[in-house]
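In: Build me a model:
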Amino acid sequence: MEFSQDDLDRLLLFEHTRQTAEANHTKNPLDADNLTKWGGALLELSQFQNVSDSKLMISDAVSKLEEALVINPVKHDALWCLGNAYTSQAFLTPDPDEAKGSFDKAHDCYQKAVDEDPANELYRKSLEVTAKAPELHMEIHKQGFGQQTMGGASSAASNEKSSKKQKSSDLKYDIFGWIILAVGIVAWVGMAKSHIPPPPPR
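Out: As a prediction, the model looks like this:
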């Protein structure tokens, strides 16, 4: 798989975040913020793997985020990030029933995040998108999208605001790209807190 310079920069940044979080975890294993950053970085890094490795990395992210929520059950950014992890898991699972289980978990996480922070537009948007996810999943796997690496979807993020009446083949990349973008936001916030400058506003 070939990466653009942009992708390589992101890969290095998120790998730095992951390593920093891992080191901080040794010093303070009960830091829920650090665990959330770690989980977010793993989710971002999963984009650059093949499907098999990506699934393993997402599972690792889920365990870190669940750990954060054991420490602080109402931590809305961890809840939202965990919802993204379950959503990513579902889209990489060809079996619709198994995927639905992950989508249901994602919906619960998003709902709890909205309950904790009702003014957060991103959380509300995530909740809306999850309702349409099983149908989208079916369309994606019908066309063999799940066999591709996740990295190919990241460029679709910029199309998020395009017409609702676009073809489903465009929509699947649009929504999946939006999920990837959303996952990135929590990691960027984590890096900003670690004194690494976030990307400039669009």
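In: Asp53: what secondary structure?
Out: helix (DSSP: H, G, I helix; E, B strand; the rest coil).
In: Chain neighbours aside, what residue packs nearest to it?
Out: Ser46 (7.8 Å; C-beta to C-beta, 6 or more residues apart in numbering). In this view, the C-beta of every residue, glycine as well, is placed from N, C-alpha and C.
In: which phi and psi does the one you found have?
Out: Here is the backbone geometry of Ser46 (degrees, to the nearest 10): phi -60, psi -20.
In: Spell out which residues sit in contact with it, please.
Out: Listed by C-beta atoms under 8 Å, 6 or more residues apart in numbering, the contact partners of Ser46 are Asp53, Ser54, Met57, Ile58, Ala61, Ser88, Met150.
In: Residues contacting stretch 52-61 from elsewhere in the structure, which ones?
Out: By C-beta under 8 Å, 6+ apart, stretch 52-61 touches 38-40, 42-43, 45-47, 49, 81, 85, 88-89, 92, 149-150.
In: again, 10 Å this time
Out: Residues outside stretch 52-61 that contact it (C-beta atoms under 10 Å, 6 or more residues apart in numbering) are 18, 38-49, 81-82, 84-89, 92-93, 102, 149-151, 183.
In: Identify each buried residue in it, please.
Out: Across stretch 52-61, burial judged by 16 or more other C-beta atoms under 10 Å covers Ser54, Lys55, Met57, Ile58, Asp60, Ala61.
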